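In: Here is a sequence with its predicted model. Questions after.
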Amino acid sequence: MHRPLSFNPMKQVNIMNQGIEEQYILALHAGSAEIEKSLVEDFGFPPMTREVAAAHEAGHVIVADAVGLPPILYTYIRKKRITGDQNAHIAGLPKAIWTGWTGWGDSIDNLYALSAQELLQRLLLVEGGWAGERAINQGHPASSVFERVPTAFHLAMLVRRHYHPAASDAASLEAVKKWTMNFCRMAENRALQIIRKRRHLFDRLRKKLYQCKRLEGDQLAPFRIGTMKGWDRDLIPPVAH
């Protein structure tokens, strides 16, 4: 999970055009609890262990560096006890889970001023967490739904607008959803490819985070080796004519 790109639909209402895409994103975010519940019913509860939490946050950090984003400020994991009505929509939720957070100095308010490539960097940052789980063979369909689904779709749709502006409101919602879903899958796979290519750094980082539970500043420097050449190859869609 990463704090800066959390999507707040109520905050965004006034600056959106309320076109077909934005309406879908608002509905998707509002329905994330139901999406998560459905996935848990179909596939069971994701293994939110200390190992998985460390791999998830390490994935964010490794991918952020590879796509050329500024250094991550901090990352941590912690054990969280579930009490009262927290996540009551999920049946069979354990009494305690491991979760985490990765902080980067950005705000969703800035997204509408970014280029397609800058948005793509942030999309891969989002996908890096689940890619980290997949890299250790713990990628669960119900994992990190609130992070992966609405935020990734939001970013992908903004990328799409750079290349298909005329189709934004004229295209059918189904066409928009299909394009966005395919693009998100491409980003998911690219994030995983990045982690596999930097597996030595990823493994060292996730083990260090597992042990220390929090890393920040200079502690993260040994895991940064700079932008990976070709990280965005074939990801930018063709311009519509």
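Out: Thanks, I have the structure now. Since we're looking at a predicted model, the values are computed, not measured.
In: could you dump stretch 25-32 to PDB, C-alpha only?
Out: Only the C-alpha atoms of stretch 25-32 are listed here, as PDB (Å, rounded to 0.1, in the frame of the first residue of the first chain):
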ATOM      1  CA  ILE A  25     -14.100   5.200 -11.500                       C
ATOM      2  CA  LEU A  26     -16.300   6.600  -8.800                       C
ATOM      3  CA  ALA A  27     -18.600   3.600  -8.900                       C
ATOM      4  CA  LEU A  28     -15.600   1.300  -8.900                       C
ATOM      5  CA  HIS A  29     -14.100   2.900  -5.800                       C
ATOM      6  CA  ALA A  30     -17.400   2.900  -4.000                       C
ATOM      7  CA  GLY A  31     -17.900  -0.700  -4.800                       C
ATOM      8  CA  SER A  32     -14.400  -1.900  -3.800                       C
END
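In: Which positions in that stretch come out as buried?
Out: 25, 26, 28, 29, 32 (16 or more other CB atoms under 10 Å). Every C-beta, even on glycine, is put in place using the N, C-alpha and C of the backbone.
In: what does stretch 95-102 give?
Out: For stretch 95-102, by 16+ other CB under 10 Å, it's 97, 98, 99, 100, 101, 102.
In: can you check stretch 130-140 too?
Out: 130, 131, 132, 133, 134, 135, 136, 138, 139, 140.
In: Residue 58 and residue 70: what is the separation?
Out: Residue 58 sits 18 Å away from residue 70, going by CB to CB, to the nearest Å.
In: Looking only at neighbour counts, state which of those two leads.
Out: Taking neighbours as other CB atoms under 10 Å, residue 58 and residue 70 compare with residue 58 leading, 33 against 10.
In: just how off-centre is the lengthiest helix in the chain within its chain?
Out: Using DSSP state H to define each element, the chain has its longest helix at helix 173-197. In this view, helix 173-197 has its centroid 11 Å away from the chain centroid, taken as CA atoms, centre = their mean, to the nearest Å.
In: list the helices and strands that helix packs on?
Out: helix 20-30, helix 50-66, helix 116-135, helix 145-163 (3 or more CB pairs under 8 Å, 6 or more residues apart in numbering; DSSP states H and E).
In: can you give me phi and psi for the closest residue to residue 143 other than its chain neighbours?
Out: Once flanking residues are discounted, residue 143 sits nearest to residue 46: 4.1 Å by CB to CB, 6 or more residues apart in numbering. Main-chain torsions, residue 46, degrees, to the nearest 10: phi -70, psi 150.
In: And residue 46, how close does it get to residue 141?
Out: 8 Å.
In: Excluding chain neighbours, what is closest to residue 121?
Out: In space, residue 121 is closest to residue 67, 4.5 Å off (CB to CB, 6+ apart).
In: So what does the one you found have for phi and psi?
Out: phi -90, psi 0.
In: Just list the residues touching it, thanks.
Out: By CB atoms under 8 Å, 6 or more residues apart in numbering, the contact list for residue 67 reads 120, 121, 124, 125, 194, 227, 228, 231, 232.
In: how about 7 Å then?
Out: Under the criterion of CB atoms under 7 Å, 6 or more residues apart in numbering, the contact list for residue 67 reads 121, 124, 227, 231.
In: Just name the closest of those residues to residue 51, please.
Out: residue 124 (22.8 Å; CB to CB).
In: Is that closest one in contact with residue 191, as I believe?
Out: Yes. Counting by CB atoms under 7 Å, residue 124 does reach residue 191; the two are 5.1 Å apart.
In: Name the residue in the two with the higher neighbour count.
Out: residue 191 (29 against 26).
In: How about the contacts made by that one?
Out: 63, 124, 127, 128, 131.
In: could I get the residues you listed as JSON lines with pLDDT and distance to residue 155?
Out: JSON lines is the format used below for the contacts of residue 191 (pLDDT from 0 to 100; distance: CB to CB, whole Å):
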{"residue": "63", "pLDDT": "97", "distance to residue 155": "14"}
{"residue": "124", "pLDDT": "94", "distance to residue 155": "9"}
{"residue": "127", "pLDDT": "92", "distance to residue 155": "9"}
{"residue": "128", "pLDDT": "95", "distance to residue 155": "13"}
{"residue": "131", "pLDDT": "95", "distance to residue 155": "15"}
